[in-house]
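S.K.: A structural model of the following input is requested.
(chains A and B, ligands or ions: 2)
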Amino acid sequence: MIGIHSLTKTFKTATDTVRAVDGVDLQVKEKEFFVLLGLSGSGKTTLLRCVAGLEKPESGEISLGEQIVSSAERGIFIPPEDRAIGMVFQSYAVWPHMTVFQNVAFPLTDGKRRLPRSKVQERVVAALELVQLSAVADRPVPFLSGGQQQRVALARALAVEPRVLLMDEPLSNLDARLREEVREEIRGLAKKLGITVLYVTHDQVEAMALADRIAVMSEGKILQIGAPQVLYHFPLNQSVGEFLGSMNEFAGTVQNESCVKTDLGMVHCAVPNGAPTEVIVAIRPEDLCLSCDPSGSNNEFPARLISQLFLGDITVYYLSANEKKMRGKTTQVDRQLKTGSRVYVRFPAEKLKIFPR
Amino acid sequence: MKKNISNLDWSRLLLLGVAGISALAILGLLAMVVWMSLRTGVPGQPSSYTLKNYTALLNDPYTYRVMVTTLIFSAVTIAVSVPLGFVFAWLIERTDLPYKALAMSLLSIGILFPTFLKAMGWVFLLHPRIGVINIFLMQLFGLKNAPLNIATLPGIGFVEGLTLAPLAYVMISAALRGMNPAFVEAASIHGVSKWRTLLRVELPLVWPALVSAVIWMLTVAIAAFDVPGVIGMANNIFTFSTAIYFMINPNEGLPRYGLSGAYGTIMVGLSLILMFPYFRALKQSHRYQIISGKSYQSRPIELGRWWLFGWGLLGLYLVLAFILPLLAIFWVSLLPYVQVPSRQAFSVASFERYSAVVFDSALLQAAWNTLVLMVAVPTLIVSISTAISWVVTRSRMRGRMVLDAIAFLPHPVPHLLFALAIAYVALLVSDVVPLYGTLFVLLAVYVICWISFGTRVLNNSMVQVHRELEEAAQVGGVPTFRVLWKVILPLIRPGLVYAWIWTSLSAYRELTMAVFLASPNSQLLSTYIWGQWHGGGLGDAAAIAVIMIVIMSPLVTSFWIYARRQQHVASSVS
Ligand SMILES: Nc1ncnc2c1ncn2[C@@H]1O[C@H](COP(=O)(O)OP(=O)(O)OP(=O)(O)O)[C@@H](O)[C@H]1O
Ligand SMILES: [Mg+2]
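M.R.: Ligands and ions are numbered 1, 2, ... in the order given. Down below sits the predicted model:
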């Protein structure tokens, strides 16, 4: 549905030029919920704005459905008003001089895809129904709460029945609890209406909760694309792995296809073909196994339990083994584990990730 | 695949066109000043390019006298206005002075008070021959000569300084308000005394703002026409502005456009050169300002009993700058000839002049012309400024900052030069289009000169409209012009109304540009008074002046109330 081919967009500032989007290739399927995830300044917003037509890329091509909407090489550039998209902005951008109803109706009455008056009424009512704002339809938007304004923005984007819905960190101005709630609503709505969504966020939990697929971006480039589970469990490189959740990392040297030498000692695992000699061995905190007594299996190392942190649903352990700090996470509290005592950590071989160093 | 050109749609083209034509007009008129300085003779007559005007200018001792006069005049103006402005700003922004809002309103409204009326008032007070105070003192002490004389260089500098003090106050108080109070609080927390903090922390921090205020006052004083024109010219005191006026309207002989162009070119150069240190100081002062977020008020300095002193100073200023001159004008308007208040004088005082004056058809015509300008000028300015500000703040056009700089040009460059240039152009084309002396040229020059004001206000309003508000409409399929009309303009309405009313009131009080361009067919209230004044009809001039002020007062007051209310609304919207 959305096709992006070797797209590049640079910004010239007073001092230098920034390659905000740097040769991005990307395909979003029909009805897919696709999330762009990356650190601040990685170019997510710029990429999204290129799709919207709010930025004009220097090179590369963008297509929406069958239509090429932007192609620097072929001199095609369709302005945003002709792209038939919906967009939810980070600041919501609801027009403060209009009521809720007027906000949703404005693109329908004044836009390029104008509707007859009776139809407008119908559409707006339906859109407000969808986001549960019918009760406040005639209120001026400055008198709404942040969450309500956010939903006005969503209703406005949906009312034009766009082929593609773009969202730029729409939840970042909401407080944590509301965010979780609206997150569910957005995903539910998108699936119910069957629209294609391109969604930008820097919050990996949000990304995983929403996405069918995620693209991780860094410095204008895409590092990896995949389903949340794939990215989480099989990141292609250290950055992607770290971005989706914390990891314990150890520098190591590959001995053979099933053995890496690290500071802790020999680690047994499947070394992928083509891995260099110098590698990083990584494991997520929740994959560590802890016990008071050695079990005698592979990849088990003695460690000291420095401290433990009870967080309600989980408990976090801070460990030190051979001068190396580690973090473990578990939902089952083992009362025998005493702070300051000697424990044994085991790395299940199938959970280990190997990255080039 | 056909190339999409709706990027260059008609609405964009229209906005760009309006902005571009205005910019060309500004540059064209400035170029005209230089061009006329390179020619001799009457406009339209064949003449070769020549530097004769410049050699004449350099060889004439009169030039140097004008230069020195202008310098001393400016120095006195600054010495009066900037200290007053600073003290007022400090009292209002930093202390617990009671009735601050009143003080602020009176000073801000003071900017709109017609300057030439103030100058007339001071002549009635302190002229050696007809000044009421002088006559009074002479009678009281049996003096032969007048003890005080306003028709001197320090005198006119003093009056100009009183006039510009509110402007200095506005500039300096903006800097004080923007200054991060944490700097001052940090000093007091670490045990530095209030007065020491004022001297060692606050003053150095506002120093750049003071410097920029001084430079700005200098450019305003160099360009000033009203006070030197009303008080100085009749007494042979000529600054640059009045010297140029006198060249175009000599007592005898032909107008010397070439020479006035040479003077004008020097003034343009001077005002542009002054902009370099001005912007440097301004940049420096912005560095000390709160970057973003809501500025919070630091605890005001408690004046204690000194508040009386503060209001005493403010009161004295208000008496000198407004009340005394106004009373003098009013007094004179009631009398057949100027005399000191006495029982005899009161017995002959009457409103006779008023009834004679109001039914004068020439005056009615002048009032009508003024009204036309008060509606047409602001309407055009707001429309054109909207186009320019849109291009500058909303489009991503290359060269938009150049457009912004050009639109700013008429701010520092003396307005009388634009009037001079447009008069010259009107004369050049007078055979083809009879523009010279029509209301239309007045309209044109007012608009061109005050676009700078309109664009400052609207740039400010437009950058406050979040870009995404516009983009949301664009993505929703709304074309450019509709976005402007239905999203941006409603959101900046307070700015539009403010700019409209301010320029309308400015058109009401403007004298400088008008005296260069008004003909018997296009008299305005201000030029009518000017004509009476220099034609010897002092009493009639005074009576019309009183009428002018009576009409203006409710206008200004309602404007002020509106502006204050809108500010609250505006801050709650953004
Ligand atoms: N209009 C612009 N002019 C100059 N540089 C820009 C502009 N817009 C973005 N950039 C630069 O491009 C890079 C990418 O910016 P972008 O806004 O796309 O990042 P982002 O991933 O959305 O970040 P965030 O999570 O903070 O929103 C940044 O280095 C930014 O400074
Ligand atoms: Mg962003």
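S.K.: Next, give phi and psi for residue 237.
M.R.: Went with chain A since none was named. Recorded main-chain torsions at A:Asn237 are phi -150, psi 170, according to degrees, to the nearest 10.
S.K.: looking at chain B here, not the other one
M.R.: When quoted as degrees, to the nearest 10, the phi and psi of B:Ile237 stand at phi -110, psi 120.
S.K.: wouldn't it be in contact with B:Thr69 here?
M.R.: Yes: with contact taken as CB atoms under 8 Å, B:Ile237 and B:Thr69 are classed as touching, separated by 6.2 Å. All C-beta spots, glycine's among them, are computed from the backbone N, C-alpha and C.
S.K.: Per-residue pLDDT of residue 15, please?
M.R.: This is for chain A. Per-residue confidence for A:Thr15 comes out at a pLDDT of 84.
S.K.: Chain B was what I was after
M.R.: Per-residue confidence at B:Leu15 stands at 90 (pLDDT).
S.K.: Quick check: closest non-adjacent residue to A:Met208.
M.R.: Spatially, and ignoring its direct neighbours in sequence, A:Met208 is nearest to A:Pro228 (4.1 Å; CB to CB, 6 or more residues apart in numbering or on different chains).
S.K.: next one: B:Val230
M.R.: Here the nearest residue to B:Val230 in space, its sequence neighbours aside, is B:Ala119; by CB to CB, 6+ apart that works out to 3.8 Å.
S.K.: returning to that earlier point: with ligand 1 as the reference, measure out to the residue nearest to A:Met208.
M.R.: Plainly put, A:Pro228 is 19 Å away from ligand 1 if you go by CB to the nearest ligand atom, to the nearest Å.
S.K.: Return the residues in contact with that residue.
M.R.: With contact set as CB atoms under 8 Å, 6 or more residues apart in numbering or on different chains, A:Pro228 has these partners: A:207-208, A:211, A:214, A:244.
S.K.: got a winner among the residues you listed for most neighbours?
M.R.: For the contacts of A:Pro228, neighbours were counted using other CB atoms under 10 Å in any protein chain shown, and A:Ile214 has the most, 29 neighbours in all.
S.K.: is it in a bridge, and if so with what?
M.R.: The residues listed as beta-bridge partners of A:Ile214 by DSSP bridges are A:Val35, A:Gly226.
S.K.: For it, give its distance to A:Phe243.
M.R.: As defined by CB to CB, to the nearest Å, A:Ile214 lies at a distance of 10 Å from A:Phe243.
S.K.: And for A:Leu171?
M.R.: Per CB to CB, A:Leu171 is found 18 Å from A:Phe243.
S.K.: hang on, the earlier thing: mutual contacts of B:Ile237 and B:Thr69, please.
M.R.: Overlap of the contact sets of B:Ile237 and B:Thr69 (by CB under 8 Å, 6+ apart) consists of B:Leu153.
S.K.: Count the neighbours of the nearest residue to B:Gln339 once chain neighbours are set aside for me.
M.R.: Spatial nearest neighbour of B:Gln339, excluding adjacent residues (CB to CB, 6+ apart): B:Ala345 at 4.9 Å. Neighbour count of B:Ala345, defined by other CB under 10 Å: 17.
S.K.: Same check on B:Leu112?
M.R.: Neighbours of B:Leu112 under the rule other CB under 10 Å: 18.
S.K.: Next up, the contacts around it.
M.R.: Neighbouring residues of B:Leu112 by CB under 8 Å, 6+ apart: B:502, B:505-506, B:509, B:552, B:556.
S.K.: can you check A:Arg163 too?
M.R.: A:Arg163 makes contact with A:1, A:64-65, A:84-85, A:195-196 under the criterion CB under 8 Å, 6+ apart.
S.K.: Closest one to B:Pro204 out of those residues, please.
M.R.: Top of the list for closeness to B:Pro204, among the contacts of A:Arg163 and by CB to CB, is A:Ile85 at 53.6 Å.
S.K.: which parts of the stretch 301-450 of chain B sit against ligand 1?
M.R.: If contact is defined as CB under 6 Å from any ligand atom, none of the residues of the stretch 301-450 of chain B are in contact with ligand 1.
S.K.: For the stretch 301-450 of chain B, which residue gets nearest to ligand 1?
M.R.: Using CB to the nearest ligand atom, B:Arg396 is the residue of the stretch 301-450 of chain B that sits closest to ligand 1, at 8.7 Å.
S.K.: average pLDDT for the helix ranked longest in chain A?
M.R.: The helix of greatest length in chain A, counted in residues with DSSP state H as the criterion, is given as helix A:176-193. Mean pLDDT, helix A:176-193: 88.
S.K.: elements contacting it?
M.R.: Helices and strands in packing contact with helix A:176-193 are listed as strand A:33-38, helix A:146-159, helix A:204-210; criterion 3 or more CB pairs under 8 Å, 6 or more residues apart in numbering or on different chains; DSSP states H and E.
S.K.: Let me know whether the first one sits next to ligand 1.
M.R.: Yes: part of strand A:33-38 sits close enough to ligand 1 to count as contact by CB under 6 Å from any ligand atom, namely A:Gly38.
S.K.: following that strand, which helix or strand shows up next?
M.R.: Once strand A:33-38 ends, the next helix or strand along the chain (criterion: DSSP states H and E) is helix A:44-52.
S.K.: Could you look up the SS state of the closest residue to A:Gln238 other than its chain neighbours?
M.R.: What sits nearest to A:Gln238 in space, not counting adjacent residues and going by CB to CB, 6+ apart, is A:Phe355, at 4.4 Å. Three-state assignment for A:Phe355 (DSSP: H, G, I helix; E, B strand; the rest coil): strand.
S.K.: Name the member of the contacts of A:Arg163 with the most neighbours.
M.R.: Result: A:Ile85 is most packed of those (other CB under 10 Å), 25 neighbours.
S.K.: That one is in contact with A:Met167, isn't it?
M.R.: No: shown here, A:Ile85 and A:Met167 do not form a contact pair, counting by CB under 8 Å, at 11.0 Å.
S.K.: Can you work out which residues contact both of A:Ile214 and A:Phe243?
M.R.: A:Leu37.
S.K.: residues near residue 341, how many?
M.R.: Just so you know, I chose chain A. Neighbours of A:Ser341 under the rule other CB under 10 Å: 10.
S.K.: Sorry, I should have been clearer: chain B.
M.R.: When neighbours are defined as other CB under 10 Å, B:Pro341 has 13 of them.
S.K.: Quickly note the distance from the closest residue to chain A within the stretch 101-250 of chain B to ligand 1.
M.R.: Using CB to the nearest CB, the single residue of the stretch 101-250 of chain B nearest to chain A is B:Pro208, 22.2 Å away. For B:Pro208, the distance to ligand 1 under the criterion CB to the nearest ligand atom works out to 29 Å.
S.K.: Please apply the same query to A:Gly65.
M.R.: Taken as CB to the nearest ligand atom, the spacing of A:Gly65 relative to ligand 1 amounts to 24 Å.
S.K.: isn't that residue right next to A:Val28, touching?
M.R.: No: applying CB under 8 Å, one finds A:Gly65 not in contact with A:Val28, separated by 10.9 Å.
S.K.: what touches both of the two?
M.R.: Taking CB under 8 Å, 6+ apart as the criterion, A:Gly65 and A:Val28 both touch A:Met1.
S.K.: for the stretch 251-357 of chain A, what are the low-confidence residue spans?
M.R.: Low-confidence segments of the stretch 251-357 of chain A (pLDDT under 70): none present.
S.K.: ok now do whichever residue of it sits closest to ligand 1, which residues does it touch?
M.R.: Evaluated by CB to the nearest ligand atom, the stretch 251-357 of chain A has A:Phe355 as its residue closest to ligand 1, separated by 23.3 Å. Applying CB under 8 Å, 6+ apart to A:Phe355 gives the contacts A:235, A:237-238, A:241, A:279-280, A:282.
S.K.: and with 10 Å instead?
M.R.: Each residue near A:Phe355 by CB atoms under 10 Å, 6 or more residues apart in numbering or on different chains is listed here: A:235-242, A:247, A:249, A:272, A:275-276, A:279-282.
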